[in-house]
Every structure is written in C-alpha cells, then in structure tokens.
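Undergrad: sequence plus the predicted model coming up.
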Amino acid sequence: MKHNDLLISYATLDTQDGLQKLKCKSTPSTSVLRHHIAKDTLRSSLKTECAREVSRSPLCRDDRSLLLKKMRVHNGLRLVVFLLCIVFFCHLVTSCAPTNPPYDTVTTTSMTPGEWQRFSTSFVGPFDTVTQLILYAEDEVAFERYHKQAEEELRRYHEWFTIYDDPTSGVNLKTVNDRAGTPVVCPPEILDLIELGIQDYDRSDGRVNIAMGAVLRLWHDTRVAANAAETEQEKMDVRLPSDAAFREAAAHTDIKDVVVDRESGTVLLRDPLMSLDVGAIAKGYAAEQVALHLKEAGLKSAILNVGGNVRTIGGNIETGQPWKVGIRDPEDMSGQSILGIVASTELSVVTSGHYERFFVLEGHTYSHIVDPDTLYPAEYCDAVSILAPDSATADLLSTALMVLTVEEGRKLLKKFPGCEALWVDGDDITMTEGFSAVYEAKR
C-alpha cells in the first residue's frame, strides 16, 4: 500500500542521513497496534471503493492521470516547504552566533607573521624626490592609513622647510630668509630643525652649516641655468660665479647670527644678507620624524625611502631577518646598479654622492655638495654611505664626510657612537668595521 511505501521511504532516508537517533525507542502496546491495523484496513477499503467508482466514470482515464499529477505536485510542494524551513532554521542559528571582533591595528602585538600582508607604494612631491614605502599591515585599511599619514606629514615638512616656494599658509623657511633682519614667528617644527642645524654645526666641526644659504644660492642658480641651456649659445652664456662673488656671499654665513627664541617662538637672522639652506639635514630629519610617528601609530615592520634617505622600522616580519637596503653604485649614472646590500633593523641608511643634482660646465662636472673651506664642490670621493640609529644623524654625516678625507671622516665618526660609514672613490671602497659586518658586496 502507498502509505507503507512512504513509511519505508522515510525510514530509508533516516538511515542514510544518520538520523537513527531521532526514532522512537519505546515499543507500542498490542491494543495500539490493533487500533492502527484496523484503521489502516478501513482506510484501504475506502480507497479501493473510491477507485472502483472512479473507474466507472467516463472520464476515469484522463481524470486519473490528472489526479496523479496533482498528487505529485502537492507532495513536491510539501517537500519544498519542508526544506525551506530547514534552511531558515540553520540561517537563524548562524546569525545568532557570536562573531570575532576585528584586530586593533594599534595595540595588537600577538599576530603571527603569516597574518600580516605586504604592501608597497610610492609618491612624488615632498622634497622634490620620489618616496617609497614598503610595510606589513593587517589589512589594506591599515596600509592606507599608514600611507596617508606618511605622505601628508612629508608634504607638511616639505612646505615648512623649503627655501624656494612661498607657503600656502603661515610661514616657512623662505619667509625667514625673506625677512632676514627681523624676528619671524614660526611653527615648532621649524624651530626644532633650526636648533638641530645649530647643534649640527658644532657636531660636524663646521663641515655642515645651515647658514651657508648665500653661497649655496650662487651654485643653485648656476646649476639651474646650466641644466636649462639647450643651444650652444645658451651653454656658452652660462658662467661660474666669480671668486669675489663667493667671498662676498661667504661673509654672511656666521652660524652665530642665527637666533632661536623659544619663549617668543621666533627665528631671527641678525644679518639682513644672510639666508638659510637646510638641504643637508632637512630630508633626513623629516624622514626620522615620520618614521617615529608611524611607529607611534602602530606600524611595526616597514622601510621608508625618502629619495635615498632610508629608514627601517623593525625588521622584515615576513622573513624574521633585517631589511635589505641596496647601496647605489655611483659609477652607474642610470641608478640601476647597486654596489652592495646592507642589513638594517631599526636603522637608517643614507648615501650622498656626486651623481645627485650635479651639472656639467665646460666639460667639468660640479656636485651640489660644497666644501665650506674652498666654497667649491668637494671632490674627496664619489659617494659616502652612512649607517646610523636615526635618519637625521645619517643625513648630517653623509654630507660632512663628503667634504673630508677618509682619515678625517674616521676621526669625526668617533664623536657619533653607533654610526658607521662606507666611502667610494672610483674602484676603491673603504668602510668601517661595523659597516663591513652588515655589508654584502655586489660589485
């Protein structure tokens, strides 16, 4: 009988789905069994009688087929409703389950290296150079936050420290130069940099002087004119400033005429013909400040490269090793070759060389790094790389050692514990013992 087929069908389904535990474990009484048998017998007799009556009808064949189709549709609908109820119940249980909260990108420190993702980006503008940022973050949202913070801060530092462009708001170092002879109220960031520059004059034994703006401006204007010249006549019109012009400019470079008043928040250039040029220290100082701020924001593994001023934050969290920083080969003017690789963890690597911001006049190449004694570009070596605990110090030393002999540079380095150097002069490569310990030659 059909109802027995359905029971067998469901019993089989229960067994296949492993739902045997849902069956009744108690045995029904004899009276109950007799009652169900009698009930089933009566139901069977009624169905048989109904079938006979239907078979006598002239429409029995068609109606019987239609009736069977309706029964199948009805049973199918019941099955669909049953399945939908199961789906709804499962969805209800899932939606009520607790979810894991997102990681706090600032305070979380227990994540394994496999849970971090590597991101990289670059942008142009701040300090007229290309900045590269490689970091490990929990997700793209955290990466974009760090990227935005780094770029915005570097642009602000550039605006404060430039001596060539007027500020979009407030004041900057160009304002200080333009108003030489009178006090200028400045943001704390400008006061900090100028005070550092005054200290760096003493720390470098006078090799780096932010008050040399008048001399450096003569070289800057000559470089711009030489690089802009296209025709032979334009190139012939470019001339070096005279010795008299250099001496006149040098008369207005006394660092003692730079006065910072913290109480009033002002900078005063007491010599009206003086001007500041912080090119030797500004980029390194800004890179260091940005790196420190990114660490405060939660960044733990990154490498920040601001136009050759490289600052590493922590080590490479993916490899568990120090970051690998390439040292550019000064003989390759394209900048595609590296001299060697330095392992850096929470350190800064800065290189200064003649291949940056140079110009050629009458067959002679002039660097942008000027010797304060001769007032002409230094020619002691081709490049100097510095490894230091912070980018501001590395920037200072990379310039200072470019205007010293190797022997004089080694002597100066003794005043800077934890700092190491590498000198390149043609095929001659010299380095301190500490630099050699983390250096891998590639040339």
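TA: On my side now, so go ahead. Since this is a predicted model, take the numbers as computed values, not measurements. Numbering: from 1, shown residues only.
Undergrad: which residues touch the helix or strand where residue 386 lies?
TA: Residue 386 is located in strand 383-388, with elements delineated by DSSP states H and E. Outside of strand 383-388, the residues within contact range by CB atoms under 8 Å, 6 or more residues apart in numbering are 327-328, 330, 342, 344, 347-355, 393-395, 397-398, 401-402, 409, 416, 418-424, 434-435, 438. For the C-beta atoms, the positions are set from N, CA and C on the backbone; glycine is no exception.
Undergrad: now the buried members of those residues.
TA: Among the contacts of strand 383-388, those buried by neighbour count (16 or more other CB atoms under 10 Å) are 327-328, 330, 342, 344, 347-355, 393-395, 397-398, 401-402, 409, 416, 419-424, 435, 438.
Undergrad: tell me how far the strand holding residue 386 is from the chain's mean position?
TA: Computed by CA atoms, centre = their mean, to the nearest Å, the separation of strand 383-388 from the middle of its chain amounts to 23 Å.
Undergrad: what mean pLDDT does that strand get?
TA: The pLDDT scores in strand 383-388 average 98.
Undergrad: and if you look at stretch 185-193?
TA: Average pLDDT, stretch 185-193: 98.
Undergrad: for it, which positions count as buried?
TA: Buried residues in stretch 185-193, counted by 16+ other CB under 10 Å: 186, 189-191, 193.
Undergrad: measure residue 230 to residue 212 for me?
TA: 30 Å (CB to CB, to the nearest Å).
Undergrad: again with residue 163
TA: Distance, residue 163 to residue 212, by CB to CB: 12 Å.
Undergrad: shared neighbours of these two, anything?
TA: Joint contacts of residue 163 and residue 212 (CB under 8 Å, 6+ apart) are residue 277.
Undergrad: higher neighbour count, these two?
TA: residue 212 (25 against 21; other CB atoms under 10 Å).
Undergrad: touching, residue 286 and residue 129? I think so.
TA: No: in this structure residue 286 lies outside contact range of residue 129 using CB atoms under 8 Å: 11.2 Å.
Undergrad: so between those two, which is more surrounded?
TA: Applying other CB under 10 Å to residue 286 and residue 129 shows that residue 286 carries more neighbours, namely 27 against 16.
Undergrad: what residues does the more buried one make contact with?
TA: Contacts of residue 286 (CB under 8 Å, 6+ apart): 126-127, 153-154, 157-158, 161, 306.
Undergrad: SS state for it?
TA: Secondary structure, DSSP: H, G, I helix; E, B strand; the rest coil: residue 286 is helix.
Undergrad: do residue 134 as well
TA: strand.
Undergrad: among the contacts of strand 383-388, which lie within strands?
TA: Secondary structure from DSSP state E places 327-328, 342, 344, 348-353, 420-424 of the contacts of strand 383-388 in strands.
Undergrad: follow-up on the earlier one: now neighbour count, secondary structure and distance to residue 259 too, for the contacts of residue 286, in a markdown table please.
TA: Converted to a markdown table, the contacts of residue 286 look like this (neighbours: other CB atoms under 10 Å; DSSP: H, G, I helix; E, B strand; the rest coil; distance: CB to CB, whole Å):
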| residue | neighbour count | secondary structure | distance to residue 259 |
| --- | --- | --- | --- |
| 126 | 26 | helix | 28 |
| 127 | 20 | helix | 26 |
| 153 | 16 | helix | 28 |
| 154 | 24 | helix | 28 |
| 157 | 23 | helix | 22 |
| 158 | 20 | helix | 25 |
| 161 | 24 | helix | 18 |
| 306 | 28 | strand | 29 |
